[in-house]
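Engineer: let's see this in three dimensions:
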Amino acid sequence: MSSNADIYHEMIVEYSRHPSNFGKIENPDVTYHDSNPLCGDSIDIFMNINDNKVSDIKFHGRGCAICMACSSVMTEIVKGKTIDDVKKIQKDDILGELGLQNLQAVRIKCALLSLKVLKYAIYTYLANHLNDTNADALKQEASALY
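Structural biologist: Residues are numbered from 1 along each chain as shown. Reported below is the predicted structural model:
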């Protein structure tokens, strides 16, 4: 393996053993759950949103090392961002942080489960709290991730 591949492998292992922002938020502004029944990954996202920014985000669940690492990275990217910035997050933003841009198709669902859950959570928040007419685009984007 190249040194970059070694570094990314170590990051994935570390994030899977010690995930960032793992846990639950009491009385979150929005929560969403989804799972990948093919491999057993299951993720819940909990978020608080203040002044149009994600003030806190946590995830809880179980999954393979790739799923847990991508969930951790995703929460780090999202925390403190505005809803508009969160809506713009794409799969390459998550995959690129861990060197997973060329991930095999069989593992892409593991890697993108947390992003799918995030997109649905933001969609749910916008639809329920702000009556955002553009919220349906997020739902379609989340559905098309894989």
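Engineer: ok, which stretches of the chain are strands?
Structural biologist: For the chain, the strands defined by DSSP state E cover 30-36, 41-50, 53-62.
Engineer: who wins for proximity to residue 139 among the ones you listed?
Structural biologist: When those are ranked by proximity to residue 139, the top entry is strand 30-36, at 11.3 Å, counting by CB to CB. Yep, even glycine has a C-beta here, placed from its N, CA and C like the rest.
Engineer: same question for stretch 7-14, mean pLDDT?
Structural biologist: Stretch 7-14 shows an average pLDDT of 86 in the prediction.
Engineer: can you list the buried residues in it?
Structural biologist: Applying a neighbour-count criterion of 16 or more other CB atoms under 10 Å, one finds 8, 11, 12 buried in stretch 7-14.
Engineer: and residue 49, how far from residue 29?
Structural biologist: 5 Å (CB to CB, to the nearest Å).
Engineer: overlap of the contact sets of the two?
Structural biologist: residue 125 (CB atoms under 8 Å, 6 or more residues apart in numbering).
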